[in-house]
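Trainee: Next comes the sequence, and after it the predicted model I'd like to discuss.
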Amino acid sequence: MSWFKRKDKGIQTPTEAKKEAPDGLWTKTPSGKIVHTRELKSNSYVSPEDGYHVRIGSAEYFEILFDNNKFTELDENMESADPLKFVDTKAYPDRIKSTQKKSELKDAVRTAYGKMNGLEITIACMDFGFIGGSMGSVVGEKIARAIDHSLQNKKPFLMISKSGGARMMEAGLSLMQMAKTSAKLALLSEAKIPYISLLTDPTTGGVTASYAMLGDFNIAEPGALIGFAGPRVIRETIGKDLPKGFQSAEFVLDHGFLDFIVDRRNLKSKLTTLLKMLK
């Protein structure tokens, strides 16, 4: 039975000395492809094997778009209040504080200005990690002020949307942001200052029904979920089965709601080319 015995033991590491691999070193895509985080970052957070666009936030988009990741942030300390006393408790303020601590963000959007391939630009980018990227009064106000910055300095404005929709804890105040941001964008249009809307995964609800679809150019990332209501609500409303993938960026493009889809790896160069053409 000598073949049952291991003669050359080689390296034997005691169990207590073994170390677990740190979390976050690898990312698995929906198709099952596994990619190292370092490789993913160097590839603009797109899986090189299947082209899957991993969800990222404002920090990553700013790094991708602004030259040398240099920018000036606008209204970085603006925070949500609780004017409606949601459910007459401290639940909403506590949720805001805990989310701020966990995400290291003040709210669901960050706005900044800087240069993109040498071109001056103002960018507003939503963060899904902050209460699902929900649109509250702070989100609307920061976007409105970013548009004002573009107006005053005659800079193009880029809006990167990623949201589950309006923030229910602010009720009517949240819905008012749809009108406020749309009115500001109308001023941008009158001044003939370019506005590009980038829809990423997911862009839904009141965000889709307002500034996300009002761009001079509406563009999206591949595979992004874009829609207003959920599939179940739509199915119950119209009483019909829905086509497969009807809320994907590709489907929306085919039906005329988008101008084009752009791979994140080419986003900076595509935006620069488009803005130079408009200029």
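Mentor: Perfect, I can see it now.
Trainee: CA only for contacts and neighbour counts going forward, please
Mentor: Fine.
Trainee: Regarding Ala186, which helix or strand does it belong to?
Mentor: Element membership of Ala186 [criterion: DSSP states H and E] is helix 171-190.
Trainee: So which residues make contact with the helix or strand Lys101 falls within?
Mentor: Secondary structure assignment for Lys101, by DSSP H and E: helix 91-103. Outside helix 91-103, the residues that touch it by CA atoms under 8 Å, 6 or more residues apart in numbering are 80-82, 86, 105-107, 129-131, 169.
Trainee: Which one (most neighbours) among these?
Mentor: The most crowded member of the contacts of helix 91-103, judged by other CA atoms under 10 Å, is Asp107 (29 neighbours).
Trainee: isn't that residue right next to Val138, touching?
Mentor: Yes - counting by CA atoms under 8 Å, Val138 is a contact partner of Asp107 at 7.1 Å.
Trainee: so what's Gly118 up against?
Mentor: So Gly118 contacts Asp67 (CA under 8 Å, 6+ apart).
Trainee: re the thing from before, just name the closest of the contacts of helix 91-103 to Ala224, please.
Mentor: Gly129 (16.4 Å; CA to CA).
Trainee: Setting aside sequence neighbours, what's the nearest residue to the closest one?
Mentor: Ser103 (6.7 Å; CA to CA, 6 or more residues apart in numbering).
Trainee: where do the helices sit along the stretch 51-200 of the chain?
Mentor: Using DSSP state H, counting those that start in this stretch, the helices of the stretch 51-200 of the chain run over 58-65, 91-103, 137-153, 171-190.
Trainee: thinking again about what came up before, now do the residue nearest to Gly129: how many residues are near it, please.
Mentor: 14.
Trainee: pLDDT score for it?
Mentor: We have a pLDDT of 95 for Ser103.
Trainee: What separation do you get for it and Gly132?
Mentor: 12 Å (CA to CA, to the nearest Å).
Trainee: On the three-state scheme, Lys244 is what?
Mentor: Here Lys244 is recorded as coil under DSSP: H, G, I helix; E, B strand; the rest coil.
Trainee: Surely Leu65 touches Asn266?
Mentor: No - counting by CA under 8 Å, Leu65 does not reach Asn266; the two are 10.3 Å apart.
Trainee: Those two: which has the busier surroundings?
Mentor: In this view Leu65 and Asn266 are compared by other CA under 10 Å, and Leu65 has more residues nearby, 21 against 10.
Trainee: Count the neighbours of the residue nearest to Ile34 when sequence neighbours are not counted for me.
Mentor: Nearest residue to Ile34, sequence neighbours excluded (CA to CA, 6+ apart): Lys28, at 4.5 Å. A total of 14 residues lie near Lys28 under the criterion other CA under 10 Å.
Trainee: quick one, phi psi at Lys28?
Mentor: Main-chain torsions, Lys28, degrees, to the nearest 10: phi -110, psi 130.
Trainee: Surely it touches Val35?
Mentor: Yes - contact criterion CA under 8 Å: Lys28 and Val35 qualify, at 6.5 Å.
Trainee: Ala212 versus Phe228, what's the distance?
Mentor: Phe228 is 11 Å from Ala212, where distance means CA to CA.
Trainee: Then Thr122?
Mentor: For Thr122 relative to Ala212 (CA to CA), the value is 16 Å.
Trainee: Equivalent analysis for Pro202, please.
Mentor: Pro202 is 11 Å from Ala212, by CA to CA.
Trainee: which residues touch Lys70?
Mentor: Contact analysis of Lys70 by CA under 8 Å, 6+ apart lists 114-115.
Trainee: Need the per-residue pLDDT for it.
Mentor: 98.
Trainee: Phi first, then psi, for it.
Mentor: When read as degrees, to the nearest 10, the backbone of Lys70 gives phi -100, psi 120.
Trainee: And the residue nearest the centre of the protein?
Mentor: Centroid check for the chain by CA atoms, centre = their mean gives Lys162 as the closest residue, at 3.6 Å.
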